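Asker: show me how the following folds:
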Amino acid sequence: MLTPRRIEIFKAIVDEYIRTAEPVGSRTLQEQYDLPYSSATIRNDMQVLEEMGYLEKTHTSSGRIPSTMGYKFYCENLLNNAAGIDKRMELAIRSAFDVSSMNIEEAVHHSCEILSEMTNMTAGAIGPDSNTQCLEHIKLFPIDTRNAVCVFITNTGHTETKNFHFEDDVPFKDLEACTDILNKRLQGVPLAEVPGRMEDIKPDLCSVVHRHDLLFTAFVRAFVKFASESVYFSGKDRVLYQPEFEDIDKLKQLMLMFDDTKVWRGLDSSENAVAVTTTKGAQLTLYNDLAVVRSKFHVNDTESGELMVVGPSRMNYEKVVNLIDYAARLIEKMYNSGGESSNE
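Answerer: As a prediction, the model looks like this:
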C-alpha cells in the first residue's frame with residue numbers, strides 16, 4: 001500500500017536520483033532530506049516500494065533508483081503545478097518570439113534552442129503532419145541563370161523557402177513554365193504525396209521546358225525535404241553528456257531515432273513505450289531509458305504541433321514540464337495573433 005510516508009520517501013528518492021544520477025540509500029535520505037524516520041523504517045519502506053514496482057535495485061549499489069512505473073507515478077501525481085519558471089528563463093523564452101526579426105517557424109526553432117540550453121538536453125518541435133497539410137502555391141524568384149529562390153505555401157499559410165542552385169544555365173522562361181505546370185497539377189495535394197506525384201508530371205515538363213532535367217531534380221529534392229522537415233531538433237550533442245548514454249549501442253539507437261521523423265509521431269505506440277499525462281497536462285513518453293516530454297500547440301482548429309524535450313528518464317520533470325508548457329502557450333498566442341506575440 002502506498003501510504004503517505006512511503007510516498008514521501010519515494011518522492012525524496014526520485015528527487016535525489018534526478019539531482020545526482022546515483023542510486024539512493026537510506027542514509028542519504030536521512031542526511032539530505034531530514035526525514036523524521038529511522039534508517040530501519042526507511043529501508044523497510046524502500047524494500048516495499050521495490051516489491052510494488054516503483055523502485056529498482058542496481059547491480060553496483062545497495063541503493064535504489066526509480067523504475068519506469070515509478071517515474072509514471074511521480075509525473076502523474078507528484079509534480080508541483082504551481083512551480084512555474086523563474087523570471088530569467090521566462091524572459092529568455094519570450095525573446096524567441098521577437099516578431100520584428102523572425103517568422104513563426106524561426107521562433108519555434110529558436111525556442112527549441114533555448115529549451116535545449118536551459119535543460120541541457122535535446123529539444124525539438126513537431127510541426128503539422130505533412131499528410132494533413134496541402135500544397136497551395138509555388139512562387140519562384142530567379143536570381144540569375146543558375147540560382148533561384150523558391151517559396152512553397154501550404155493551405156494553412158505555412159511557408160517554406162528553398163534556395164535552388166543549378167549546375168548549368170536555366171532560362172527564365174523555363175522557370176516560369178515549370179512553376180505554372182506545378183501549380184496547376186499539385187495544388188491541393190498533401191505534402192507527403194507531392195514527391196510521388198512528380199513522376200506523373202514529368203512528361204508535361206519534358207514537352208514544354210528545355211532544361212526539365214535540372215528543374216525536375218531540384219523540385220523533387222525540395223519537396224522531399226519540405227515534407228520531412230516537420231520534425232526539428234536542437235542540441236542533439238547534449239545527450240553525450242548524460243551518463244545514461246555512455247553505452248555506445250544506446251547512443252547509436254538514439255541518433256538513428258533523431259533521423260527518423262516517423263518515430264517521433266508514433267512514439268506512444270512503440271513497443272515498450274509508456275505514455276503518461278503529467279499533472280501540468282504535458283505528455284510524457286517513457287521508452288527504455290529515454291524520456292520525451294511534449295506539449296502541444298494549436299495552429300488552428302484542425303492542426304497542431306508539439307514542442308518536446310528528449311533526455312534520460314532521470315530528468316528534472318518539474319523544470320522541463322513548466323518550461324515547455326510556457327513556450328508552447330507563447331507559440332499558440334503567436335499563431336492566433338497572426339504572427340504577433342503578446343506582451344501580457
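Asker: now residue 324: how far from residue 268?
Answerer: 17 Å (Cβ to Cβ, to the nearest Å). In this view, the C-beta of every residue, glycine as well, is placed from N, C-alpha and C.
Asker: and if you look at residue 73?
Answerer: Distance from residue 73 to residue 268, by Cβ to Cβ: 18 Å.
Asker: I'd guessed residue 39 sits against residue 30; true?
Answerer: Yes - with contact defined as Cβ atoms under 8 Å, residue 39 reaches residue 30; the gap is 6.3 Å.
Asker: of residue 324 and residue 268, which one has the most company?
Answerer: Counted by other Cβ atoms under 10 Å, residue 324 and residue 268 do not tie: residue 324 has more neighbours, with 25 against 15.
Asker: what strand or helix carries the more buried one?
Answerer: Per DSSP states H and E: residue 324 is located in helix 317-336.
Asker: can you give me how far that helix is from the chain middle?
Answerer: Averaging C-alpha positions (Cα atoms, centre = their mean, to the nearest Å) puts helix 317-336 12 Å from its chain's average.
Asker: same thing with stretch 42-62?
Answerer: Worked out by Cα atoms, centre = their mean, stretch 42-62 lies 33 Å from the chain centre.
Asker: tell me the SS of residue 13?
Answerer: Look at residue 13: counting by DSSP: H, G, I helix; E, B strand; the rest coil, its state is helix.
Asker: is it in contact with residue 43, as I believe?
Answerer: No - proximity of residue 13 to residue 43 does not meet the contact threshold set by Cβ under 8 Å, at 11.9 Å.
Asker: give me the more crowded residue out of the two.
Answerer: Counted by other Cβ under 10 Å, residue 13 and residue 43 do not tie: residue 13 has more neighbours, with 29 against 18.
Asker: now do the more buried one, the pLDDT please.
Answerer: Reading off the confidence values, residue 13 has pLDDT 97.
Asker: not counting its neighbours along the chain, what's nearest it?
Answerer: Of all residues not flanking residue 13 in the chain, residue 24 sits nearest, at 4.7 Å (Cβ to Cβ, 6 or more residues apart in numbering).
Asker: count the residues that sit near the one you found.
Answerer: 25.
Asker: and it, what are its bridge partners?
Answerer: Residue 24 has these beta-bridge partners by DSSP bridges: residue 64.
Asker: list the buried ones in the helix or strand bottoming out on mean pLDDT in the chain?
Answerer: In the chain, no helix or strand scores lower on mean pLDDT, DSSP states H and E than helix 261-265, which sits at a mean of 76. Buried residues in helix 261-265, counting neighbours by 16 or more other Cβ atoms under 10 Å, are found at 261, 264, 265.
Asker: can you put those residues in CSV and add distance to residue 53?
Answerer: Shown next, in CSV, are the buried residues of helix 261-265 (distance: Cβ to Cβ, whole Å):
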residue, distance to residue 53
261, 34
264, 28
265, 30
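Asker: just to revisit the earlier point, need the pLDDT of the residue nearest to residue 13.
Answerer: For residue 24, pLDDT reads 95.
Asker: do the same with residue 340
Answerer: 44.
Asker: residue 113 too?
Answerer: pLDDT recorded at residue 113 is 92.
Asker: what about it, how many neighbours?
Answerer: 13.
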